[in-house]
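Asker: I'd like to go over a predicted model; first the sequence, then the structure.
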Amino acid sequence: MHDVVVVGAGPAGSRYARRAAEDGLDVVVFEQGQVGEPLACSGHVSTDLWEYTEDARDELFQNEISGARFHTGGPESDDHPFYKDEVISNVIDRVGLDRHLADLAREAGADVREGHNVVGVTESADGVTVEVRGDDGVETHRARLVAGCDGPKSRVRQELDLPEPGELLHGVLGFDDTADHQDFVDVHLTVPKFFAWRIPRGEAGVEYGLAVPPGDDARERFETFCAGYDADVTRRCSGLIPIGPPDRVTGERSFLVGDAAAQTKPFTGGGILYGMTAADHAAREIDPDDPSTVDDYERAWREDLRSEIRLGHAVRAGYSVPKPIQKAGMKAFEGEIGVHMDRPSTLFSREQLKALLSRS
Ligand SMILES: Cc1cc2nc3c(=O)[nH]c(=O)nc-3n(C[C@H](O)[C@H](O)[C@H](O)COP(=O)(O)OP(=O)(O)OC[C@H]3O[C@@H](n4cnc5c(N)ncnc54)[C@H](O)[C@@H]3O)c2cc1C
C-alpha cells in the first residue's frame with residue numbers, strides 16, 4: 001500500500017512527488033512515456049521558475065525576455081511595446097526542465113517509473129486501486145490517495161468522473177533554427193479569442209506558435225502566420241491548453257494538480273508555475289492518513305490563485321474587443337510596465353502606478 005500514486009511526471013507531478021517524498025511519504029509516480037516527451041510547450045516562464053530548481057539554470061536557460069511587442073495585425077503591422085528595465089521572463093529548455101524536476105523527485109525518494117501508462121483508477125472507502133500498463137503487462141497498485149497530474153486530457157479526471165475544465169484550446173508551435181538573441185517576444189492578436197506568438201530562443205532558434213478554440217483550423221492559421229514572417233520552420237508540435245478550472249478538482253481519495261485541474265493563466269495558457277504552486281499546496285495540506293484533507297488543498301490553491309485566474313480571464317477578454325478599441329487601449333498603456341507576468345493583480349500595484357507616472 002503506497003501513500004500516494006502520482007499519475008504523470010510533468011512539472012506538477014514531479015514537484016508534488018518531490019515535496020511529498022521529502023515529507024517521508026511513500027510515493028510512486030507513473031509516467032506513460034519518457035519524461036518531458038513529446039514536447040508541447042514554449043517553456044516561456046517568469047524568473048520565479050528558478051525557485052523550483054536546483055543549480056539547473058546554466059543547463060536549462062536559453063534566453064531572457066524584458067518585453068513584448070503587441071500587434072493587432074501580422075508581422076508588418078505597427079507594434080505596441082510593453083517592457084520593464086529588467087528581465088521579466090526566461091525562455092528555457094522545457095524537456096530538460098521536466099527531466100530535472102523528475103530527478104529531484106527521485107533524489108527525494110519518490111519511485112518514478114517511465115513507460116507506465118495508467119489505464120484505470122477506482123476509489124473505495126479504504127484506498128484507491130490503480131491499473132498500470134507497462135512492458136510486463138497490466139499491474140495493479142493500491143494506495144491511500146491518487147494524484148492526477150496527467151495533463152489536460154487527464155485519465156484520472158475521466159476515470160473518477162471529476163468535472164472538466166471550461167475550455168481546451170488547441171496550440172500549435174514550430175521552430176526555425178536561426179539563432180535570435182532579442183529580448184522581446186511578439187504577440188499578434190490575429191486569431192479568435194487568443195493570440196499568435198514569436199519567441200526568440202537564443203542559440204536554440206526562434207519559435208512561432210498560436211492557440212485557438214476547438215473547431216478552428218489551427219494548422220492553416222499557423223502556416224499563414226509563419227509565411228508572414230518568412231520563417232523556415234523545420235519542427236512542429238501541438239498540444240492542448242486547458243483554461244478555466246472546474247468547480248471541483250478533488251474526489252474522495254483523489255486530487256488533480258496542474259493542467260489536469262486547469263491551473264493555468266487564462267491570458268497566456270501558461271501553467272508551469274501555477275501547477276507547481278498548486279503542487280506545493282497539495283503537499284502541504286494533504287495527509288494520506290486523513291483523506292478529507294483533500295478539501296484543505298482545494299481551499300488553499302483556490303485562495304492563492306482564484307483572483308489571479310479571474311483577472312486573467314478579464315485580460316483575455318481584451319483579445320476579442322474590436323481592433324480600433326484594442327489599438328487605442330494599447331496606445332494609451334504602451335511603454336514601461338510594472339506588472340509580474342504570473343500575477344495580473346500587479347496591474348493595480350504600486351510598481352505599475354510608478355511605471356505609468358514615470359512616462360511623462
Ligand atoms: C502550445 C503550448 C505552449 C505552451 N507554452 C507555455 C509556456 O510558455 N509557459 C508555460 O508556463 N506553460 C506553457 N504551456 C502550458 C504548459 O505546457 C502546461 O501548463 C504544463 O505542461 C502543465 O504541467 P502538468 O505537469 O500539469 O502537465 P503535463 O506537462 O502535461 O504533464 C502530464 C504528464 O502526464 C503524463 N500522462 C498523461 N496521461 C497519463 C497516463 N494515463 N498514465 C501515465 N502518465 C500519463 C504525460 O505523458 C505527461 O508527462 C503551453 C502549452 C501548450 C500546449
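Answerer: Yep, it's here. Residues are numbered from 1 along each chain as shown.

Asker: Which residues of the chain lie near the ligand?
Answerer: 7-13, 30-33, 40-45, 117-118, 149-151, 155, 171, 173, 209, 239-241, 258-260, 264, 269-273, 275 (C-beta under 6 Å from any ligand atom). The way it works is simple: take the backbone N, C-alpha and C, and place the C-beta from them, glycine included.

Asker: filter those residues to the buried ones?
Answerer: Buried members of the residues of the chain next to the ligand, counted by 16 or more other C-beta atoms under 10 Å: 7-13, 30-32, 40-45, 117-118, 149-151, 155, 171, 173, 209, 239-241, 258-260, 264, 269-273, 275.

Asker: Quick check: bridge partners of Pro81?
Answerer: Arg69 (DSSP bridges).

Asker: Would you quantify the distance from it to Gly74?
Answerer: Distance check for Pro81 against Gly74: by C-beta to C-beta, to the nearest Å, it reads 17 Å.

Asker: The residues of the chain next to the ligand in helices, which ones?
Answerer: Counting by DSSP state H, the part of the residues of the chain next to the ligand found in helices is 11-13, 155, 272-273, 275.

Asker: Out of the residues you listed, the closest to Ser124 would be?
Answerer: Distance to Ser124 across those (C-beta to C-beta) is lowest for Arg155, with 18.3 Å.

Asker: could you measure the closest residue in space to the closest one that isn't next to it in sequence against Val28, distance?
Answerer: Nearest residue to Arg155 in three dimensions, chain neighbours excluded: Val118, at 5.7 Å (C-beta to C-beta, 6 or more residues apart in numbering). Val118 sits 11 Å away from Val28, going by C-beta to C-beta.

Asker: Now the common contact residues for the two.
Answerer: Among the neighbours of Val118, those also in contact with Val28 (C-beta atoms under 8 Å, 6 or more residues apart in numbering) are Val5.

Asker: residue ranges of the helices in this protein, please?
Answerer: 11-22, 57-60, 94-108, 155-159, 218-228, 272-285, 294-317, 323-333, 350-357.

Asker: So which of those has the densest surroundings on average?
Answerer: With neighbours taken as mean count of other C-beta atoms under 10 Å, the helices of the chain reach their highest mean count in helix 11-22, at a mean of 28.

Asker: Put the alpha carbons of that helix into PDB.
Answerer: The C-alpha trace of helix 11-22 is given here as PDB (Å, rounded to 0.1, in the frame of the first residue of the first chain):
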ATOM      1  CA  PRO A  11       6.100  19.800 -13.700                       C
ATOM      2  CA  ALA A  12       3.100  19.400 -11.400                       C
ATOM      3  CA  GLY A  13       3.500  15.600 -10.800                       C
ATOM      4  CA  SER A  14       7.300  15.800 -10.200                       C
ATOM      5  CA  ARG A  15       7.000  18.800  -8.000                       C
ATOM      6  CA  TYR A  16       4.300  17.200  -5.800                       C
ATOM      7  CA  ALA A  17       6.200  13.900  -5.700                       C
ATOM      8  CA  ARG A  18       9.400  15.600  -4.600                       C
ATOM      9  CA  ARG A  19       7.600  17.600  -1.800                       C
ATOM     10  CA  ALA A  20       5.600  14.600  -0.600                       C
ATOM     11  CA  ALA A  21       8.700  12.300  -0.600                       C
ATOM     12  CA  GLU A  22      10.700  14.900   1.300                       C
END
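
Asker: and it with helix 94-108, angle?
Answerer: For helix 11-22 against helix 94-108, the angle by axes from the mean of the first three to the mean of the last three C-alpha atoms, to 10 degrees is 10 degrees.

Asker: Low-confidence regions, the protein specifically.
Answerer: Along the chain, the parts satisfying pLDDT under 70 run over 352, 356, 359-360.

Asker: quick revisit: go through the helices of the chain and name the closest to Arg69.
Answerer: So among the helices of the chain, helix 323-333 is nearest, using C-beta to C-beta, at 10.2 Å.

Asker: Now do that closest one: which elements does it pack against?
Answerer: strand 80-83 (3 or more C-beta pairs under 8 Å, 6 or more residues apart in numbering; DSSP states H and E).

Asker: Buried residues in the strand it packs on, which are they?
Answerer: For strand 80-83, by 16+ other C-beta under 10 Å, it's 80, 82-83.

Asker: Over to stretch 161-173?
Answerer: 162, 165, 168-173.
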